[in-house]
Every structure is written in structure tokens, then in C-alpha cells.
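**Q** Curious how this folds, go ahead:
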Amino acid sequence: SLRNKNSKFNEFYESLLSNKFKNDRDAASALYECSPTDDKYRQLKSRFRKRLLNTLFFLDINLPSTSSYDRAYFSCNKDWTLVKILESNKADLTSTALARQILTTALKYKFSDTIVDCARLLRKNAASIGDTKNFEVYHNHITLYTKIMEADMQAEELLQRVIMIYKTTLEIDAEEAEAIDGYANKLVALSESFESPVILFNMYLVWVYQYELKRDYESMLMVCNQAVKYIEDHPNYYQKDKLATFQLKKMAAYLHVKDYKNGKVNAEKSLRSFGSGTDTWFDFMEYYFLLSMQTGNYINAMAVFNETSNHSK
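**A** Residues are numbered from 1 along each chain as shown. Reported below is the predicted structural model:
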């Protein structure tokens, strides 16, 4: 579509890219000299959006900064979409072959939802050809990972309940503190029953929020260090956003205890991991600036401020 420089698609795309349009009225007027409710404009916008979304399937996820876990998760989800398209078009040989490949990757990274989806399809295929051995293999995967998936969802719910408290209160009362203690204990029990990175990450995060709400920053630092060590000890489960979350929480704790020395070490180590100009980089620089100011390291604060404010983004 974009190769045709005279097309409305290309004109729309280039105008959006250069921030030429502030709203639909501007776009409709420039493209068709009509109102935003005109069928011509609405049809163009609808088709343009569909084509734009379709390009998401061609995103390059093999960037050096992308973790193997994130690449695998993206690939599994994209390929599973292909499996469902193939299956709906009765391409059973191809869909089951691709499902087996996805299952192998999903088992390596413990993507419980993907494992269950693939195993269900493969169990159905095994039954249809009378493959008793593989039927039982896939059935066992479903039995085990359905329980893990349910535990993952429970862990997510518990973390979300803590986040709601965190977002709506500055000082927790006795009832909220008791509720968070209960959520933390449930997560510990889940982590002891199921081997799942989702449960462990959520458990560590609940502890972090719990100690932050209690203003117990030393314990908060201890939990963050445990979480970072878990990530380092399990490279298969490494996710940059998870690591960034714990590193940012460490910066918040160092700020509150006014530990400039360790905060500086943490900031500079973390900043090497996150690209300059990213949202995470700006978050770190903010904490780094605040820590420098609060501990009287004004020259460093000025350097951080200048580096950040002079960035093109």
C-alpha cells in the first residue's frame, strides 16, 4: 500500500507519522474535504487500522535487548494464532506439527496456558488416529499444567488485590495489613506446591509492596535482592520488565533510607541494562536524581539532570 506514493493509504500514513493531523476532523478534511463521519473517511480509517494491526505479525523480536523468554512467548502466541487458522481450514497435518513445536518451547519456559492449549489439540489428534501412547502424554500435560495455570491465575489475582490497596492508600490500616499478610502467605503456599516463575515473581512483588506500605525499606531491599538473584539463577525466565521493576523498587528503597553509595551502584549497573531514552531509563534517572538531591550529592544530581533533560526524547 505504501509503495504507491499517490495512494490515500500513503498520504494518511505519512501525515500521521509527521503529526500533521491533530484529530479526525483534520484528517478527513485534508484527505477528502469531508467531515469525520463521512463514509469515505470512515472506510479508509477502518481499512488502514486493519492493515496496520496486521503488520504486528512481522515485528522483529530478535533484537539483542529482547530476552529469550520474551522472544519465546511472542513466538508461541504468534504461532498459536497460525495453528488456529490452519485448524479452521482443515490443515490438520500442518497445524499439529506446528503445535508440537510450540509445545516443546512452552514446556521449556513453563508457559502453562500455551501448554494446555497445545496439548488439548494434540490429544484430540492422537485420539483421532488411535495413538494411545501420545494421548496419555498429552493428557498428563493437560492435567498437570491446568493446575499450574489455575495457580498462576490465583497468584495474579492476589498481586492485583495488593496493587489496588497500594494505589488507593498512603497508610495501610490494620485490616489492610492483615489482608496483605494473608495474600503473601497464600502465595508462599502456591510457590511450595507449584514450580512456576509466574507465582514466584508475583510472590516477590507482593512482599515488596507489603514492606513498602509498612515503610520497612530494609526488608524491601532484601526481597528485591532475592528476586534479582532468582532472575540471575534462572536465565530461562529472565524478563527485562520484571528485572526493571525490582531494580526500580530498590532505587525507591535506597532513596528512603538515603543510602547514596549503594543506590548509585544499583543505578549505574541497571542503567547499563536498559536502553537510553526508554521509559525505564527515564524512571531510573528520576530516582537517581532524587537520591542524589536527598543525600546532598548536588554535582551528581546536576549531571543526571543535564543528561536527562538534554536527551532528544
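**Q** if I look at residue 312, how far off is residue 151?
**A** As defined by C-beta to C-beta, to the nearest Å, residue 312 lies at a distance of 45 Å from residue 151. Quick note: C-beta positions are derived from backbone N, CA and C, even for glycine.
**Q** Looking at the two, which is more packed in?
**A** Between residue 312 and residue 151, counted using other C-beta atoms under 10 Å, residue 151 has the larger neighbour count: 20 against 5.
**Q** Give me the pLDDT for the nearest residue to the more buried one once chain neighbours are set aside.
**A** Nearest residue to residue 151, sequence neighbours excluded (C-beta to C-beta, 6 or more residues apart in numbering): residue 194, at 4.7 Å. Looking at residue 194, its pLDDT reads 94.
**Q** Got phi/psi on residue 194?
**A** As for residue 194, its main-chain torsions (degrees, to the nearest 10) stand at phi -130, psi 140.
**Q** For it, list the residues it contacts.
**A** The contact partners of residue 194, by C-beta atoms under 8 Å, 6 or more residues apart in numbering, come to 147-148, 151.
**Q** Could you check how far it is from residue 110?
**A** In this view, residue 194 and residue 110 are 10 Å apart by C-beta to C-beta.
**Q** Pull up the overlap in contacts between these two.
**A** Residues touching both residue 194 and residue 110 (C-beta under 8 Å, 6+ apart) are residue 148.
**Q** Can you give me the buried ones in stretch 234-253?
**A** Within stretch 234-253, the residues scored as buried using 16 or more other C-beta atoms under 10 Å are 237, 239-240, 242-253.
**Q** repeat for stretch 73-93
**A** Neighbour counts using 16+ other C-beta under 10 Å place 73, 76, 79-80, 82-83, 86-87 of stretch 73-93 among the buried residues.
**Q** Any buried residues in the helix or strand that contains residue 104, and which?
**A** Per DSSP states H and E, residue 104 falls inside helix 92-109. Buried positions in helix 92-109, judged by neighbour count with 16+ other C-beta under 10 Å: 95-96, 98-99, 102-103, 105-107, 109.
**Q** got it, and stretch 42-61?
**A** Across stretch 42-61, burial judged by 16+ other C-beta under 10 Å covers 44-45, 48.
**Q** Could you write out the alpha-carbon coordinates of the helix holding residue 104 in CSV?
**A** Written as CSV, here are the backbone C-alpha positions of helix 92-109 (Å, rounded to 0.1, in the frame of the first residue of the first chain):
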residue,chain,number,x,y,z
ASP,A,92,-4.5,-30.9,10.3
LEU,A,93,-1.1,-32.2,9.4
THR,A,94,0.5,-28.8,9.4
SER,A,95,-1.4,-27.5,12.5
THR,A,96,-0.4,-30.5,14.6
ALA,A,97,3.2,-30.3,13.5
LEU,A,98,3.4,-26.7,14.4
ALA,A,99,1.6,-27.3,17.7
ARG,A,100,4.2,-29.9,18.7
GLN,A,101,7.0,-27.3,18.0
ILE,A,102,5.1,-24.7,20.2
LEU,A,103,4.6,-27.3,22.9
THR,A,104,8.4,-28.0,23.1
THR,A,105,9.2,-24.3,23.6
ALA,A,106,6.3,-23.8,26.0
LEU,A,107,7.4,-26.6,28.2
LYS,A,108,11.0,-25.2,28.4
TYR,A,109,9.7,-21.8,29.6
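**Q** No further questions, thank you.
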